[in-house]
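>>> Need coordinates for the below:
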Amino acid sequence: MESLIGKIKTEYSLYTKEVLAEIGNNKKSLFLGIPKETEYQEKRVPLTPNSVAALVNYGFRISIEKEAGLNSNFSDEEYLNAGADIVFTKADVFKADVILKAGPINQQEINLLNPHQSIFSPILLPNQTKNMVKCMMEKRITAIAFEYVKGDYGTYPFMRSMSEIAGNYAITTAARYLSNEYGKGILLGGIAGQPPAKVMILGAGTVGEAAARSALALGATVQVFDDNIYRLSRLQHDLGKKIYTSVLDPLNIAKNISRAHVVIGALKPKNGKTPKIVTEDMVRAMKKDSVIIDVSIDQGGCFETSVVTNHDEPIYTKHGVIHYCVPNIASNVSRTASYALSNIIAPILKHAADVGSFENLLKYDEGLRKGAYLYKGALTKQFIAQKFDLKFTDLELLLSADF
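Have a look, this model is predicted:
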């Protein structure tokens with residue numbers, strides 16, 4: 001019997017066998033280009049060396065412009081060791097299939113784009129022009145904006161991550177400007193026998209929550225104002241303690257702002273612009289050497305006295321009140337912010353490789369579709385089309401035609 005079984009096995013081993021083909025595996029090695037940021041005082045980099053190493057191991061080819069990570073304290077040597085190619089000109093970077101940026105694309109970079117490339121970056125719409133958008137449309141670019149990408153549970157992962165950093169940093173910045181270096185020498189949390197500083201936060205979103213947590217951790221007294229009762233209720237629950245909350249009532253704001261040592265502007269924009277709920281008269285009534293941190297300045301700011309500043313000259317004083325109105329606050333802690341960006345971007349890139357391209361990924365990932373404002377040259381965000389008086393095309397219709 002055993003010899004018969006052995007004979008059957010031997011004969012079976014000689015038979016021609018079919019090989020099962022892989023089904024639905026479109027994995028492709030993607031070629032990424034990361035230019036050095038030169039505008040908007042941008043210090044972040046979209047991928048850290050650790051993420052680059054993981055992506056190279058996954059099959060990616062990555063070109064990084066020389067010293068692109070220097071402002072986040074990542075050296076060229078670290079990127080070389082991770083498997084990236086260091087290139088010396090932007091033109092070489094823009095030979096890649098996908099351009100990845102921590103800051104918005106500028107006119108010079110748009111001129112370097114090749115037809116049918118993909119861009120994954122912030123958009124910073126107020127800084128875009130009709131000519132820039134038209135140029136990308138003519139080159140049939142596919143562009144995805146960090147700000148609009150939607151994640152799980154209705155969140156915006158890029159915005160949430162940067163907002164959390166901005167909220168935390170706003171409080172540490174306020175503490176600095178309350179000190180003798182700039183202000184009256186007030187300790188945010190106070191001490192025994194001396195009450196803590198009063199921190200007023202306008203907005204109960206992610207920035208407001210992060211600022212509230214940081215201020216409470218330092219011992220400050222915190223008040224939060226918002227026009228959404230649900231957000232205020234959720235904030236109370238998430239903080240795990242009762243704090244003073246209020247709707248955005250002008251009389252109540254005026255009364256409390258005159259007593260505050262620090263006011264954080266963290267309101268969400270409406271129709272692309274932040275409402276200016278704090279009048280110049282309210283600012284005039286504030287304590288001398290008190291501090292305003294207008295995190296909402298990216299979208300116009302929520303104080304009538306707010307004027308955009310920069311990282312080199314971050315503050316000015318008006319009516320005796322110190323104003324800090326720097327856009328892109330997260331860039332001031334660029335290493336932490338770069339890790340935050342990289343942790344979100346790397347999994348998206350892997351998914352894009354799995355399905356063959358960024359354009360293919362848009363067909364499968366609804367959240368990423370929310371971020372697309374150009375698809376093969378077609379403008380797919382209606383509000384951008386209206387802003388620049390350009391033709392709008394529905395992305396869902398474009399994708400259904402591609403299937």
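>>> T173 reaches C325, doesn't it?
No. Using C-beta atoms under 8 Å, T173 is not in contact with C325, being 11.3 Å away. Just so you know, the C-beta spots here come from the backbone N, C-alpha and C atoms, and that holds for glycine as well.
>>> so what's R259 up against?
198, 287 (C-beta atoms under 8 Å, 6 or more residues apart in numbering).
>>> Would you tell me what helix or strand the closest residue to D227 other than its chain neighbours is located in?
Distance criterion C-beta to C-beta, 6 or more residues apart in numbering; nearest residue to D227, sequence neighbours excluded, is L248 at 4.6 Å. If you go by DSSP states H and E, L248 is not part of any helix or strand.
>>> Quickly note the distance from L248 to A204.
10 Å (C-beta to C-beta, to the nearest Å).
>>> Now the residue nearest the centre of the chain. Its backbone dihedrals?
The residue lying closest to the centre of the chain (C-alpha atoms, centre = their mean) is F158, at 3.9 Å. Phi and psi for F158, reported as degrees, to the nearest 10, are phi -70, psi -50.
>>> mind checking pLDDT for the nearest residue to it once chain neighbours are set aside?
Leaving aside its sequence neighbours, F158 sits nearest to F146 (C-beta to C-beta, 6+ apart; 3.9 Å). Note on F146: pLDDT of 94.
>>> Check E11 too.
In this model, E11 carries a pLDDT of 50.
>>> same thing with A340?
The model's pLDDT for A340 equals 97.
>>> residues touching it, list them.
161-162, 165, 330.
>>> Go again with 7 Å.
161, 165 (C-beta atoms under 7 Å, 6 or more residues apart in numbering).
>>> What of Y339?
T48.
>>> how much space between it and G103?
17 Å.
>>> Sketch out the strands for the stretch 201-350 of the chain, chain order is fine.
221-225, 244-246, 262-265, 291-294, 315-318, 321-324 (DSSP state E, counting those that start in this stretch).
>>> The last one packs against which elements?
Using 3 or more C-beta pairs under 7 Å, 6 or more residues apart in numbering; DSSP states H and E as the contact criterion, the elements in contact with strand 321-324 are helix 157-178, strand 291-294, strand 315-318.
>>> Compare the ones you listed and give me the one nearest S357.
The minimum distance between S357 and these falls on helix 157-178, with 20.8 Å, by C-beta to C-beta.
>>> got the buried residues for the closest one?
157-171, 173-175, 177-178 (16 or more other C-beta atoms under 10 Å).
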